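A.B. asks: Give me a 3D structure for the following:
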Amino acid sequence: MDNTAALYSINNLTGYLKSLGHNAPKSAIADCMEWFEDAYIFFTVRIFDASLARANTNPKKIYCIDNALVTSVSSAILVNSGHLLENLVFITLRRITPEIFYYKNKSGREVDFIAQRQDRSRMLVQVCESMADPQTRKREITALSEAMTELSLTEGTIVTRKDDEQIQVESGIINVVPVWRFLLSEK
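C.D. replies: Residues are numbered from 1 along each chain as shown. Presented below is the predicted three-dimensional model:
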């Protein structure tokens with residue numbers, strides 16, 4: 001729960017448990033993660049890659065079915081409001097499609113979600129609490145713009161707590177929307 005909206009791997013989880021004095025084999029950890037997914041408590045998101053082998057070997061991101069469950073069970077050391085916002089956006093996207101990935105562009109910048117709609121079109125979604133800080137603004141716009149160019153998409157979305165604007169970039173338009181509007185618009 002502490003790692004909601006963060007990258008993880010079975011190796012990291014196994015190492016973490018060993019550091020706590022537990023000697024659980026990787027296969028047992030992998031089985032437990034599958035059980036949590038089968039019970040719809042956790043969802044894992046792979047990297048978007050044409051190669052299934054690369055997609056399976058890269059770290060995955062983990063999301064929880066409910067933000068209240070995250071806040072009630074986690075130690076609150078690692079979970080922050082940005083991760084909870086990203087988790088909320090994931091759950092909204094998951095209602096639309098199970099085809100959700102994260103994307104790393106060629107320069108190594110990450111876009112939180114690439115989701116495939118039912119009409120087979122793709123949507124890129126970046127999540128950040130606020131665009132007020134110039135460094136954050138530049139980082140989010142650059143990552144999304146590069147991904148739009150690489151994937152030949154003309155539109156991207158940045159979901160924030162309350163920011164609302166349209167940004168023209170070389171590859172198209174980035175819609176910055178408050179989370180409430182995103183939640184209402186994605187059905």
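
A.B. asks: from here on, contacts and neighbour counts on C-alpha atoms
C.D. replies: Fine.

A.B. asks: Run through the helices of this structure in chain order.
C.D. replies: 10-19, 26-38, 52-57, 67-73, 81-96, 134-150, 179-185 (DSSP state H).

A.B. asks: Relative to residue 4, which of the ones you listed is closest?
C.D. replies: Shortest distance between residue 4 and the helices of the chain, using C-alpha to C-alpha, is found for helix 81-96: 6.5 Å.

A.B. asks: in that closest one, what's buried?
C.D. replies: Buried residues in helix 81-96, counting neighbours by 16 or more other C-alpha atoms under 10 Å, are found at 82-93, 96.

A.B. asks: now the residue most central in space within the chain: how far from residue 63?
C.D. replies: With distances taken as C-alpha atoms, centre = their mean, residue 112 lies nearest the centre of the chain, 4.0 Å away. From residue 112 across to residue 63, the span is 12 Å (C-alpha to C-alpha, to the nearest Å).

A.B. asks: what do you get for residue 107?
C.D. replies: The gap separating residue 107 from residue 63 is 25 Å, by C-alpha to C-alpha.

A.B. asks: low-confidence ranges in this structure?
C.D. replies: Within the chain, the ranges that satisfy pLDDT under 70 run 76-79, 187.

A.B. asks: Kindly report which residue of it is located farthest from the centre.
C.D. replies: Most peripheral residue of the chain (C-alpha atoms, centre = their mean): residue 21, 30.4 Å.

A.B. asks: count of residues packed around residue 38?
C.D. replies: Neighbour count for residue 38, taken as other C-alpha atoms under 10 Å: 11.

A.B. asks: Equivalent analysis for the one 5 residues further on, please.
C.D. replies: Number of residues near residue 43 (other C-alpha under 10 Å) recorded here: 23.

A.B. asks: Assess the claim that it and residue 66 are in contact.
C.D. replies: No - assessed by C-alpha atoms under 8 Å, residue 43 is found out of contact with residue 66, at 10.9 Å.

A.B. asks: quick revisit: quick one, which of residue 107 and residue 63 is more surrounded?
C.D. replies: The residue with more neighbours, out of residue 107 and residue 63, is residue 63; 27 against 9, by other C-alpha under 10 Å.

A.B. asks: Which residues are in contact with the more buried one?
C.D. replies: Counting by C-alpha atoms under 8 Å, 6 or more residues apart in numbering, residue 63 makes contact with 4, 5, 6, 42, 43, 44, 45, 87, 90.

A.B. asks: can you list the residues you listed in TSV and add distance to residue 31?
C.D. replies: Compiled in TSV, those are given as follows (distance: C-alpha to C-alpha, whole Å):
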residue	distance to residue 31
4	19
5	20
6	20
42	13
43	14
44	13
45	17
87	23
90	23
